[in-house]
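Q: Everything below, folded, please.
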Amino acid sequence: MEFMLRKEKKYTYFESGEGTPIIILHGLMGGLSNFDGVANFFPPKGYKVVIPELPIYTQNILKTNVKAFSKFVKDFIIHKGFDQVILVGNSLGGHIGLYFTKMYPELVKALVITGSSGLYESGMGESYPKRGDYEYIKKKAEDVFYNPEIATKEIVDEVFATVNDRIKLIKTLTIAKSAIRHNMAKDLPKMTTPTCIIWGRNDKVTPPNVAEEFDKLLPNSELFWIDKCGHAAMMEHPEAFNQILFDWLQKKNL
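A: Numbers count the residues shown, from 1 in each chain. Predicted structure coming up:
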């Protein structure tokens, strides 16, 4: 599916459908197209799917952190005139969603996290001295998925280009440090927003015990597993991901 992007003020985003807004927060290396499955499935079911491009590599280095990205999302929601939204975040996007929900709970109807950072960060930076090594980056990209074939040449090329761009590399490492700094463990028990946790049983980036920890610490959460699935459930098993999420939203009358 080709994404038709809208541009308004400082925002670039995809939007489809009418109804309750589902705002999707992508990860560090994640393109908007990672959410094709969600973007196709939910609009016919009475939801408006909105995927903003997060300013991961475009903001001043001082605004390259979880807190500033959450503020960007708040400004975007106000710009769009939404009262309350359902937030769906993968990886860094999940972390931004968690931090956002802590800061602005009144704006969040429900939170959905998958492969989220915020509790456990495996040193994202450790591999970068080898950044010129294409095979190494390819292996790293394949490790994101249970099925390595999902890491197409296009995906690997994009990651390779990112880590070989000095400015982007510095920002990636800055974000990694920010993710560690903004650990959510102490905040989660106070966050009562309904939260759906969807996790790949074979996630090597944020292993399954991370999902269990999120579920334990969040007072109003439910945890769902997808088998033979790595770090990006919505890409690797879009049908299962969408069905779990849709059933959960129905059960919660959201």
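
Q: what bridges to Leu87?
A: Beta-bridge partners recorded for Leu87 (DSSP bridges): Ile23, Leu111.

Q: any idea how far it is from Lys153?
A: Distance of Leu87 to Lys153, given as Cβ to Cβ, to the nearest Å: 32 Å. The C-beta positions use only the backbone N, C-alpha and C, and glycine is treated the same way.

Q: ok, now Asp215?
A: Separation of Asp215 from Lys153 (Cβ to Cβ): 36 Å.

Q: With neighbour numbers in mind, choose between these two.
A: Asp215 (16 against 10; other Cβ atoms under 10 Å).

Q: Where does that one fall, secondary structure wise?
A: Here Asp215 sits within helix 208-217, counting by DSSP states H and E.

Q: after that helix comes which helix or strand?
A: From helix 208-217 onward toward the C-terminus, using DSSP H and E, the following helix or strand is strand 221-226.

Q: what's the angle from that following strand to helix 208-217?
A: With axes from the mean of the first three to the mean of the last three Cα atoms, to 10 degrees applied, the angle from strand 221-226 to helix 208-217 works out at 160 degrees.

Q: What is strand 221-226 packed up against?
A: Here strand 221-226 touches strand 195-200, helix 208-217, helix 238-251, going by 3 or more Cβ pairs under 8 Å, 6 or more residues apart in numbering; DSSP states H and E.

Q: can you redo these as CSV with mean pLDDT?
A: Listed next are the helices and strands packed on strand 221-226 as CSV, based on pLDDT from 0 to 100:
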stretch, mean pLDDT
strand 195-200, 98
helix 208-217, 96
helix 238-251, 98
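
Q: Buried deepest among those, which one?
A: Stretch with highest mean neighbour count among those: strand 195-200 (a mean of 25; mean count of other Cβ atoms under 10 Å).

Q: what packs against that strand?
A: strand 108-114, helix 208-217, strand 221-226, helix 233-236, helix 238-251.
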